[in-house]
Structures are given as C-alpha cells and as structure tokens.
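Asker: using only what follows, build the 3D model:
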Amino acid sequence: LGQALILEVSQGSFGLSTLGKVNRAKDAWERSVELNPRHVGGRISLAMWHLNAPGIAGGSKKKAEEYGESLVETGDVSWGRRILMMASLKRKRWGEARERLDGLRAASETDEDQLEAYQSYVYPVLLEHEREDDALAVLPAMERVSRTEDPVIHYLWGRAYQERNDRGDRDRA
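Answerer: Predicted structure coming up:
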C-alpha cells in the first residue's frame, strides 16, 4: 500500500491530497514493521521517508540511521550501509559519509554492487552539495568497476570538471 501510494504521488501533480497520500504511505510502512519488525521493505521505505521528509513533517536523519543500523544488524548490509551513508550526506558529515562509502564498497559482493555504492555517494555529493573535489576523489575507483561504454561515468567526470570551472577545468569537462 505504501509503495502504491508513493508511486501515485510521484506520477501525479502536487496538491493538497499529496501530503495525505504521503502520510498514508508512511502509516502503511509503519504498520508493516509493526506486524513484522524484520520486514526489510518497510524499514527501507521508512528510512528513505525519514531521510527525505523535512523535519517539520516528521523527517529525522537520526531515525533513518536507526533503521539503517537495524538493517545492517539483521543481515541487509547493503541497504543498511547505503542508508547510513545517505544520512551522513544529508547531515553534511563529509568524512563520515566517505568512511561509510568505503564500508559499503567493501561489503559489496559484485562490481555492480560497488557501482551502486559509488553512485549513491557521487550523485548527492556532486549534484546536491556541489562538492566536486569529493566526487573527483572517488571517480577513479568508480571507473574501475564501470563498463567502458557506461555513459554515467563519463557524465559524472564531465560534470565534476564542469563544476570546477572556477579553477579552469572546463576544457577537461
């Protein structure tokens, strides 16, 4: 129910009913966790809700971290670590976020998992927080697990250098 409501919100226009649907989705996820405290989908959805909802609406980076830690403890290490890293990024704790990226990457079993870990870090660092030097520091490692023809890695390199245009890297972009 929670996923269906959020999908409906993401495909519709913003209006007064949107907030009601988002709150109903959160209630549905809370109910799923109430019925089964180990329900992975409910905990992931609640963590993401807390990461993205403003504090005035009940969002809480601390609560998101609690869900992330519970996921790690119960065996969903990849999602748990990803949520912990995203919480650090939202709190602008750059060193902590990088450490959590390294932990997530180390726990990844495949190149694809590592690539997803890097993307979860680089996109917000680069596009939301304009920390191109942080992105440039991890792009070489990300490139090692990317396919040569993957347009994403090339886009991210170009974007990072473009953002550094005040330092003369526009030609490199």
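
Asker: got the buried residues for stretch 117-137?
Answerer: Taking 16 or more other Cβ atoms under 10 Å as the basis for neighbour counts, the residues of stretch 117-137 that come out buried are 117-118, 120-122, 124-126, 131-132, 134-136. For the C-beta atoms, the positions are set from N, CA and C on the backbone; glycine is no exception.

Asker: farthest pair within those residues?
Answerer: In the buried residues of stretch 117-137, the most distant members under the criterion Cβ to Cβ are A117 and E132, with 19.1 Å between them.

Asker: wouldn't Q114 be in contact with S146 here?
Answerer: No. Counting by Cβ atoms under 8 Å, Q114 sits too far from S146 to count as a contact (9.4 Å).

Asker: which neighbours do those two have in common?
Answerer: Between them, Q114 and S146 share no neighbouring residue, with contact defined by Cβ atoms under 8 Å, 6 or more residues apart in numbering.

Asker: let's have the buried residues of stretch 117-137 in CSV, adding pLDDT and secondary structure.
Answerer: What follows is those, written out as CSV (pLDDT from 0 to 100; DSSP: H, G, I helix; E, B strand; the rest coil):
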residue, pLDDT, secondary structure
A117, 90, helix
Y118, 91, helix
S120, 89, helix
Y121, 92, helix
V122, 92, helix
P124, 89, helix
V125, 89, helix
L126, 87, helix
R131, 89, coil
E132, 88, helix
D134, 91, helix
A135, 90, helix
L136, 90, helix
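
Asker: which of these lies closest to G55?
Answerer: P124 (18.2 Å).

Asker: nearest residue to that closest one other than its sequence neighbours?
Answerer: Spatial nearest neighbour of P124, excluding adjacent residues (Cβ to Cβ, 6 or more residues apart in numbering): L89 at 4.9 Å.

Asker: let me know the helix or strand that that neighbour is in.
Answerer: Of the helices and strands defined by DSSP states H and E, L89 is found in helix 77-90.

Asker: distance from that helix to the middle of the chain?
Answerer: Centre-to-centre, helix 77-90 and its host chain are 7 Å apart (Cα atoms, centre = their mean, to the nearest Å).

Asker: mind giving me the packing neighbours of the following helix or strand past that helix?
Answerer: Past helix 77-90, further along toward the C-terminus, the next helix or strand under DSSP H and E is helix 94-107. Contacting helix 94-107 under the criterion 3 or more Cβ pairs under 8 Å, 6 or more residues apart in numbering; DSSP states H and E are the following elements: helix 77-90, helix 111-123, helix 132-144.

Asker: in TSV, list these along with distance to K63.
Answerer: As requested, those are exported to TSV (distance: least, Cβ to Cβ, whole Å):
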stretch	distance to K63
helix 77-90	9
helix 111-123	19
helix 132-144	26
